[in-house]
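Colleague: Pasted the sequence and its predicted model underneath.
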There are 4 protein chains.
Amino acid sequence: MKAAVVGGSGFTGGELLRLLDGHPEFEVAQATSRSYANKTVGSVHPNLRHLDLRFTEPTDLESVDVLFAATPHGVSMEQIDAFRDAADTVVDLSADFRLPREEQYDEWYDGHERPDLLDEAEYALPELNRENLPGADLIAAGGCNATATIVGLLPLFENDILEGDEQVVVDVKVGSSEGGAGGGDASSHAERSGVVRPYAPTGHRHEAEIQEYLGLDVSFTVHAVDMVRGASATCHVFPNGPVSKGDLWGAYRGSYEDEPFVRMASGGGGVYRYPEPKAVAGSNYAEVGFELDPTNKRLVVFSAIDNMMKGSAGQAVHAANVALGLEETAGLEHTGFHPVGAP
Amino acid sequence: MKAAVVGGSGFTGGELLRLLDGHPEFEVAQATSRSYANKTVGSVHPNLRHLDLRFTEPTDLESVDVLFAATPHGVSMEQIDAFRDAADTVVDLSADFRLPREEQYDEWYDGHERPDLLDEAEYALPELNRENLPGADLIAAGGCNATATIVGLLPLFENDILEGDEQVVVDVKVGSSEGGAGGGDASSHAERSGVVRPYAPTGHRHEAEIQEYLGLDVSFTVHAVDMVRGASATCHVFPNGPVSKGDLWGAYRGSYEDEPFVRMASGGGGVYRYPEPKAVAGSNYAEVGFELDPTNKRLVVFSAIDNMMKGSAGQAVHAANVALGLEETAGLEHTGFHPVGAP
Amino acid sequence: MKAAVVGGSGFTGGELLRLLDGHPEFEVAQATSRSYANKTVGSVHPNLRHLDLRFTEPTDLESVDVLFAATPHGVSMEQIDAFRDAADTVVDLSADFRLPREEQYDEWYDGHERPDLLDEAEYALPELNRENLPGADLIAAGGCNATATIVGLLPLFENDILEGDEQVVVDVKVGSSEGGAGGGDASSHAERSGVVRPYAPTGHRHEAEIQEYLGLDVSFTVHAVDMVRGASATCHVFPNGPVSKGDLWGAYRGSYEDEPFVRMASGGGGVYRYPEPKAVAGSNYAEVGFELDPTNKRLVVFSAIDNMMKGSAGQAVHAANVALGLEETAGLEHTGFHPVGAP
Amino acid sequence: MKAAVVGGSGFTGGELLRLLDGHPEFEVAQATSRSYANKTVGSVHPNLRHLDLRFTEPTDLESVDVLFAATPHGVSMEQIDAFRDAADTVVDLSADFRLPREEQYDEWYDGHERPDLLDEAEYALPELNRENLPGADLIAAGGCNATATIVGLLPLFENDILEGDEQVVVDVKVGSSEGGAGGGDASSHAERSGVVRPYAPTGHRHEAEIQEYLGLDVSFTVHAVDMVRGASATCHVFPNGPVSKGDLWGAYRGSYEDEPFVRMASGGGGVYRYPEPKAVAGSNYAEVGFELDPTNKRLVVFSAIDNMMKGSAGQAVHAANVALGLEETAGLEHTGFHPVGAP
């Protein structure tokens, strides 16, 4: 199958090119970039120096089987007709088709140009929405911080441990690749190294996705920390009634034991006892774990993903695999490294 | 005045030596180390290579005006008589005298050898306990994570915004120096670089100090992140009634405007809009800031300290200054750097 | 084919397990570890948590097709008979069989227990020794710093630009994984973060390999810098006569254009114009590039590898592929990431 | 005395403000910034949040005793008359007055606007040029990489171990603050973290300073590594005749034992046996050490500085102290930290 990547010079675009290049069923027919048209892909993404592929102008889309759009928020809603003309299946990695209702875009974003299509789009996260993906022709990859949170909390809803009216604080720690390939002063190495920086103290847009897909209002705060790839969500949950470790293991095993890209990491010995972004860096895995705090009637849920993979490009390819009836794990088998620095 | 540092080869011991060496009123008469006796201080602490000072055995204490004990938890309670024989004023940086009641040590630590002295010790944090420090002869420097939390929340109690029965989640991010100069596999560079690691998911001992000194039960979780110095506490607070920005500014200004080592960082422009460990690294400052989240009836308080300074050695010297009637800021004037990496 | 990894809990052992698990022709039959026998592989290497495999005692070796020994220097020379009893092909990742003559071990190491076998062993690096690998039954993976240097300079010898009597300074920068999974004070995160540390100012043992395989005496110095994976060699070369860019491109293309794991990075635009460890992190690629300094009659050659891959485990698997007649690139196709932090 | 900083919002400008604020003899009368005029100094330099000082337009200079110019290369040569009108003593931190001859600017820079003043300017480095600083009214702080190199090699020239015709390779490793507060893609956190990047393979402009002040042509290469502050120079020196450790100790002690800001670090035990940027971060110290490589008739000299301090702002203040007859170490007593991350 032929695949195209629109917006191929950004970080998620490059990640898509890496994944599609190694995918047994896809061939990269086109990678577009306004800024780097005619330059080799390897001049922007040094890991792909061995590829014989040059960026083309985004105005001139080839006909392909799948088009992945890795453009900034707001572009896909404007270009969506051209994307759909070029490909039967469109997977969008921006926020443009993640939410189903126009008023959500009015509240959390700057409105929407094509509200008529919102209903049609499918949220990409297979753990949440696998049954609606086969045959989908417009797929919206979830936001990275929302994905980390949803993957962490989903089993509690699927197994009736939470109902949606509980108090939940989500404290997220993210790497610098979330800011994308541009970035201003705040993302320079000298300013960004070694930080613990409250970059979204309140009001982060991913709250809307969590509200939509879990039915839960979360108190959400995001901190920038010193890594490049990775998102770690710590969910401080106050259930309405008592919850045991057995309940939790039952819930998480029930939801995830057949999932190819979710691993449990909850206690045990050694250095890595809970989910950590390092342990999944470069892979499509999400790690999930938990701990009980009986004194405070609190349940702490930890989840960790690579924001470039499970949090965007990997999730997109995973969903495309499901949508097109391919092997779910195709092109996504990389298991991560040990040791690895700040991935 | 003559000062001694017992346990001078550890990280906090070295920090004390650095501060005392630059202090206008103190002269370092002795630095002890079991492992490095007879070696130069500079062979262990390379920043002090220019000092002409060698470690001595801890069994042979000189008579000094102030003795700072930077020994592991449990040592001071055993050696306290020797310390007090050697010095009129003892400042302990371990947990051994931070809590006033024996049952707290039974619950949170492994009991206490000298419960008779607990009542006598004064908690070092001047912002909390300044009035009791002058003339104190046994002073206990607070725990770094407790200090970050207490400094963040104290004005809310002093100004009746919180009463103590509210739900408060404290999510702390700390650097590797908290683990001390030893450290096993988990603190090796290859394993510790780039982490977001839940190292104390629940049950951290500093909860006891926060409970004692604020009268508040907190849901407390500590993460290791990639920095060496620094502790950042994000307090997610759910007040019982409405709170305005004006109330908060009033409370924080009321409590802190005359404090020499607390700075507000709450909004505004530029890269550094909220407290960050980087901005105070190497200094005795605490930075405090806040943001309101009306949707979730939440107040988010951020505080940042250098765990080696405000969180231990700097707090200890600050308290000694107050106890001995010296200028409060003596030896602690360093203002931090910009830019600085992972401090 | 069945493969075993002896010393599977160390860093290179874990890397071998990762590669063999993803290799289309190998099945991991056994992973030994003295310290972690009976524990899961995933408890030590968190990236392999999904594997259903436990460490076994090293005294009880199964019969396999290939045995990879990832034990500390000195172990293989003692255990070699047991290794060869267990497997037809043994690939050793220590220094024990890298050099052909006993006196080299007397000079650079602590002698050798089995000098009778030195002649039999083949140096693993395919770019240097591919023609002798098919059918080899004892293979010695090269040292990481030697590999980086040899790959950088080899084309200059193969194409008669250097003869071996030139003055060459090699200044190597390496990550913390070179120190292995143990490591003392010097490798703790607090001490090792952010360093530029001369850890082998002179006399590094890899000089012997370079001397042996290039016929060149190099002035060799190794610095520890802040990354986990990676070795970067900067070779300052003073050729006996004039050399042009055309000569160099001819030489490097001549030697490497058909090599599957060598990429040129020599000038051009963008951020990544020369070899960097980041660009090859996690991959088996070596990147090589150069620049002329006519003023000083100097040629500067840069090379970069992942020390865990091209510098040890990847090189070992590559050589095993060649020795056993498999596809050279099998199990080694990963191309690296962009962006990636301190890999 | 009143001091002004022109270009106060850049990294070196901020460092000057930090030093002058803590200096017993200077009062900061003015800090200019084109981009941040009317903003507080603390909004740009978070470590200085407690200062009550706002940036002013650079066009409106007050009359002061000393003016420090921390502007980009090329600005001082244009504004020098205004600077000298405003202050009796001008210390320039750019390259504009470091070299004495116009043809050097033609060769290494883009020419010079005021060649008439080149002869008048004094190079700031006191270890090299102390005797000419008292009373100097135009002082040029040295380049950071040149300073690291000159401090490392100077004793070899002063004590006749080198004559200037020897082959010397200098391999420098630098932090991201050298790039200044702006910086494009290459200095973003995601691209710059964890690098070993050859950023000046050949032809670095600081070669000119080394040539001028040591009389030595060096083969010079600069690498970017993962730290923010710091420059480490490794000088691979091939002396014309034999040199002993005794000769070297004699030379270095002879040159430096009375220098307040040079420390020797050459062998011994512990983790920090040679110069490292970490050990001097934030301080005005240079550390110098060496090792002999008899096999290769090589001498390896290591030196480490904080590029923001000894390599620019600290050197500038040090020279101003000497020029104005103040205590040499005034305002520069900070000794650095231990531990510290990537400073």
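Modeller: Good, I have the coordinates. Numbering: from 1, shown residues only, chains lettered A, B, ... in the order given.
Colleague: When you work out contacts or count neighbours from here on, use the C-alpha atoms and nothing else.
Modeller: Noted.
Colleague: looking only at pLDDT, what's the mean for stretch A:5-19?
Modeller: On average, the pLDDT along stretch A:5-19 is 97.
Colleague: who touches it?
Modeller: Identification of contacts with stretch A:5-19 by C-alpha atoms under 8 Å, 6 or more residues apart in numbering or on different chains yields A:28, A:30-34, A:36, A:41, A:44-45, A:48, A:55, A:58, A:67-71, A:177, A:180-181, A:308-309, A:312-314, A:317, A:331-332, C:335, C:337-339.
Colleague: the helices in the stretch 151-300 of chain A, which residues?
Modeller: Ranges of helices within the stretch 151-300 of chain A are A:189-192, A:206-214, A:245-256, A:277-280, based on DSSP state H, counting those that start in this stretch.
Colleague: The last one and chain D, are they touching?
Modeller: No: using C-alpha under 8 Å from any C-alpha of the partner chain, no contact is recorded between helix A:277-280 and chain D, whose separation bottoms out at 14.6 Å.
Colleague: Surely residue A:56 and residue A:40 touch.
Modeller: No: judged on C-alpha atoms under 8 Å, residue A:56 makes no contact with residue A:40 at a distance of 9.6 Å.
Colleague: Please say which of the two ends up with more neighbours.
Modeller: More crowded of residue A:56 and residue A:40, by other C-alpha atoms under 10 Å in any protein chain shown: residue A:56, with 22 against 18.
Colleague: quick one: contacts for the more buried one?
Modeller: Here residue A:56 is in contact with A:30, A:31, A:32, A:33, A:34, A:36, A:37, A:38 (C-alpha under 8 Å, 6+ apart).
Colleague: Give me the phi and psi angles of the fourth one.
Modeller: Right, the one you point to is residue A:33. Dihedral angles of residue A:33 (phi, psi; degrees, to the nearest 10) stand at phi -160, psi 130.
Colleague: Please name the nearest non-neighbouring residue to it.
Modeller: Nearest non-adjacent residue to residue A:33, counting by C-alpha to C-alpha, 6 or more residues apart in numbering or on different chains: residue A:7, 5.3 Å away.
Colleague: Next, count neighbours for the one you found.
Modeller: 25.
Colleague: can you check residue A:32 too?
Modeller: 26.
Colleague: Any idea what it is bridged to?
Modeller: Going by DSSP bridges, residue A:32 is paired in beta bridges with residue A:6, residue A:56.
Colleague: Pretty sure residue A:67 is one of the things it touches, is it not?
Modeller: No: applying C-alpha under 8 Å as the test, residue A:32 and residue A:67 come out as separate, 11.0 Å apart.
Colleague: rewinding a little: got a quick ChimeraX command for the buried subset of the contacts of residue A:56?
Modeller: Buried members of the contacts of residue A:56, defined by 16 or more other C-alpha atoms under 10 Å in any protein chain shown, are picked up in ChimeraX with:
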select /A:30,31,32,33,36,37
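Colleague: With pLDDT and distance to residue B:151 added, can I get the contacts of residue A:56 in JSON lines?
Modeller: Output for those, formatted as JSON lines (pLDDT from 0 to 100; distance: C-alpha to C-alpha, whole Å):
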{"residue": "A:30", "pLDDT": "98", "distance to residue B:151": "55"}
{"residue": "A:31", "pLDDT": "98", "distance to residue B:151": "52"}
{"residue": "A:32", "pLDDT": "98", "distance to residue B:151": "51"}
{"residue": "A:33", "pLDDT": "97", "distance to residue B:151": "49"}
{"residue": "A:34", "pLDDT": "95", "distance to residue B:151": "50"}
{"residue": "A:36", "pLDDT": "96", "distance to residue B:151": "50"}
{"residue": "A:37", "pLDDT": "96", "distance to residue B:151": "53"}
{"residue": "A:38", "pLDDT": "96", "distance to residue B:151": "56"}
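Colleague: ok, the contacts of residue A:56 vs residue A:263, which is closest?
Modeller: For the contacts of residue A:56, the residue nearest residue A:263 by C-alpha to C-alpha is residue A:31; the value is 32.6 Å.
Colleague: For that closest one, which residues are in contact?
Modeller: Listed by C-alpha under 8 Å, 6+ apart, the contact partners of residue A:31 are A:4, A:5, A:6, A:7, A:8, A:17, A:54, A:55, A:56.
Colleague: cutoff 6 Å now
Modeller: The contact partners of residue A:31, by C-alpha atoms under 6 Å, 6 or more residues apart in numbering or on different chains, come to A:4, A:5, A:6, A:8, A:55.
Colleague: Quick check: residue A:94 vs chain C, distance?
Modeller: 19 Å (C-alpha to the nearest C-alpha, to the nearest Å).
Colleague: now the strands for the stretch 201-343 of chain A?
Modeller: For the stretch 201-343 of chain A, the strands defined by DSSP state E, counting those that start in this stretch cover A:219-225, A:231-238, A:262-264, A:286-293, A:298-305.
Colleague: Mind giving me the packing neighbours of the fourth one?
Modeller: The criterion is 3 or more C-alpha pairs under 6 Å, 6 or more residues apart in numbering or on different chains; DSSP states H and E, and the helices and strands that strand A:286-293 contacts are strand A:262-264, strand A:298-305.
Colleague: The shortest one vs chain C: in contact?
Modeller: No: applying C-alpha under 6 Å from any C-alpha of the partner chain, one finds strand A:262-264 separated from chain C by no less than 7.0 Å.
Colleague: same thing with the last one?
Modeller: No: Strand A:298-305 stays out of contact with chain C when judged by C-alpha under 6 Å from any C-alpha, the minimum separation being 12.4 Å.
Colleague: That strand pairs with which strands?
Modeller: Here, using DSSP bridges, strand A:298-305 pairs with strand A:231-238 (antiparallel), strand A:286-293 (antiparallel).
Colleague: hmm, who's touching that strand?
Modeller: So strand A:298-305 is contacted by A:148, A:152, A:230-238, A:275-277, A:286-293 (C-alpha under 6 Å, 6+ apart).
Colleague: what angle do it and strand B:219-225 make?
Modeller: 20 degrees (axes from the mean of the first three to the mean of the last three C-alpha atoms, to 10 degrees).
Colleague: what's the offset of strand A:298-305 from the middle of its chain?
Modeller: 17 Å (C-alpha atoms, centre = their mean, to the nearest Å).
Colleague: What residue spans form the domains of chain A?
Modeller: Listed domain ranges for chain A are A:2-141+A:309-323, A:144-305 (source: automatic domain parsing).
Colleague: Show the end-to-end separation of the first one, please.
Modeller: Think domain A:2-141+A:309-323. The first and last residues of domain A:2-141+A:309-323 sit 15 Å apart, counting by C-alpha to C-alpha, to the nearest Å.
Colleague: Please apply the same query to the longest one.
Modeller: One end of domain A:144-305 sits 8 Å from the other (C-alpha to C-alpha).
Colleague: Could you pull up the mean pLDDT of that domain?
Modeller: pLDDT averaged over domain A:144-305 gives 95.
Colleague: The stretch 1-150 of chain A: strands as residue ranges?
Modeller: A:2-6, A:27-32, A:64-69, A:87-92, A:122-123, A:138-140.
Colleague: Dump these into CSV; add distance to residue B:116 as well.
Modeller: CSV is the format used below for those (distance: least, C-alpha to C-alpha, whole Å):
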stretch, distance to residue B:116
strand A:2-6, 72
strand A:27-32, 74
strand A:64-69, 70
strand A:87-92, 68
strand A:122-123, 63
strand A:138-140, 65
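Colleague: closest to residue A:131 out of those?
Modeller: It's strand A:122-123; of the strands of the stretch 1-150 of chain A, that one is closest to residue A:131 (C-alpha to C-alpha) at 10.3 Å.
Colleague: now for that closest one, which elements pack on it?
Modeller: Using 3+ C-alpha pairs under 6 Å, 6+ apart: strand A:122-123 touches strand A:138-140.
Colleague: Nothing else from me, thank you.
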